[in-house]
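Participant: mind looking at a prediction? Sequence and model below.
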Amino acid sequence: MKISAFNWMALSFFGYFCAYGVFIPFFPVWLRSQSYGAETIGFILAISYLFRFLGGVWFSSLVKRAAQLINALRYLAWASFAICFVMSFVAESFWLLCITIWLFAMVNSAGIPISDTLASTWQQQIHLDYGKARLIGSIAFVVGVTGFGYVIGVIGEQYIVIILTALLLLYSLLQMNSPRQMPLDDQESAVENSPTFIQLLQNKTTLRLLIAISLIQGSHAAYYVYSVLYWTSIGISVQTTSILLGLSVVAEILLFFFSTRLFKTWSVSTLFYLSAGASVVRWLLISSTDNLALIAFTQTFHSLTYAVSHYAMVRYITTQPQPHIARLQGLYSGISSCGAIALTTALSGVLYPISPTLMFVAMAFFALLALFFTPRNVSALLLKRVNE
């Protein structure tokens, strides 16, 4: 079926992030239901983030032209479904399970940078509203976290991977629609080879932004991996934790919806400062309270700690030459969303058994460092258009 580019992008984000909304908060819970301890879970997930880094960078480097983006997303979606289907059959074998999880991480991770590359390309070519398309993904994340979080609380934690497999099948089927407006290769990309990753990192502004975004997003590792385990340990039910997680994404949805209106004249640097500062406050508050109302309040900070930094980085990447976009997205996803989180997840796995409070304070320290790496006066306003 042929649909508009915006609808195709929105459905793609919906399918991916609905499954992601189950995977991120509840996959550690499923591992616990298979009798794996907190340190083992931390080890498995820390290594999986390294594979997410490799997958995001490697698969992005294989995409040479804009016309290849849609088929790449389709292949990755079906591969993610197939690997996840196998996962529940190997749960009792530690190393087989590790191999399956790490393969899944490698394949599934590439969906984010390639989706964002496609959205950025359409943003340049047909003025697609990235914020509104991406908020559909955030809505899907809420559906995954709250809706399926409730289902998991009713039917049992052992069914988490089965639910995830079904959602990945839905995502794969949604990819089979065809957009009316295909992404096009501009004249520049037809004659210019894609730069190497080293060449991209030689740009000091790009390098400093990647370090800053890695520190900000890396500081979320303790929250992603251990928040549900921590909250349930202090007496909060799984159903309530799903509501808390959903609340954070509702705040994210509102920010993406109003992002263009709110931040049209804000510089990328200012957005980074806002996100890093909010991250410091968020992790310090979480580290110091077990009050449900205050925890709920800190969840609204997700719009500032994650969504603002992501919006700022994507806006910067969108203004770069088209041959740079896919690899920049791969670097962004690989280094910040995978590599940095792998390291901070490993650290969290060490600190959590010692003190959850110490773990979140360490995350606040990483976010604080981002303030010093953010370059000043990076505007990156959305003025550049490939077809102009």
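Facilitator: Structure's in. What do you need?
Participant: how many neighbours does residue 98 have?
Facilitator: Using other C-beta atoms under 10 Å, residue 98 is surrounded by 16 other residues. All C-beta atoms are positioned from the backbone trio N, CA, C, and that covers glycine.
Participant: where does it land in three-state SS?
Facilitator: Here residue 98 is helix, with the state taken from DSSP: H, G, I helix; E, B strand; the rest coil.
Participant: distance of it from residue 41?
Facilitator: 11 Å (C-beta to C-beta, to the nearest Å).
Participant: residues touching the nearest residue to residue 376 once chain neighbours are set aside, list them.
Facilitator: Distances taken as C-beta to C-beta, 6 or more residues apart in numbering put residue 269 closest to residue 376, at 5.5 Å, once the chain neighbours are dropped. Going by C-beta atoms under 8 Å, 6 or more residues apart in numbering, residue 269 touches 374, 375, 376, 377, 378, 379.
Participant: turn those into CSV, columns for secondary structure, pLDDT and neighbour count.
Facilitator: Shown next, in CSV, are the contacts of residue 269 (DSSP: H, G, I helix; E, B strand; the rest coil; pLDDT from 0 to 100; neighbours: other C-beta atoms under 10 Å):
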residue, secondary structure, pLDDT, neighbour count
374, coil, 93, 24
375, coil, 90, 16
376, coil, 85, 9
377, coil, 78, 9
378, coil, 75, 19
379, coil, 69, 14
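Participant: which residue, other than its chain neighbours, is closest to the residue nearest the centre of the chain?
Facilitator: For the chain, the residue sitting closest to the mean C-alpha position, by C-alpha atoms, centre = their mean, is residue 337 at 6.1 Å. Leaving aside its sequence neighbours, residue 337 sits nearest to residue 217 (C-beta to C-beta, 6+ apart; 5.8 Å).
Participant: contacts for the helix or strand harbouring that neighbour next, please.
Facilitator: Assigned by DSSP states H and E, residue 217 falls within helix 204-218. Contacts to helix 204-218, defined as C-beta under 8 Å, 6+ apart, come from residues 200-201, 268, 272, 275-276, 279, 305-306, 309-310, 313, 316, 328, 331-332, 335-337, 339-341, 343-344, 366-367, 369-370, 373-375, 378.
Participant: distance check, the nearest residue to residue 271 once chain neighbours are set aside against residue 16.
Facilitator: Taking C-beta to C-beta, 6+ apart as the measure, residue 271 lies nearest to residue 312, with 3.7 Å between them; neighbours along the chain are not counted. Residue 312 sits 21 Å away from residue 16, going by C-beta to C-beta.
Participant: tell me which of these two has more neighbours.
Facilitator: Between residue 312 and residue 16, counting by other C-beta under 10 Å, residue 312 is the more crowded of the two (29 against 26).
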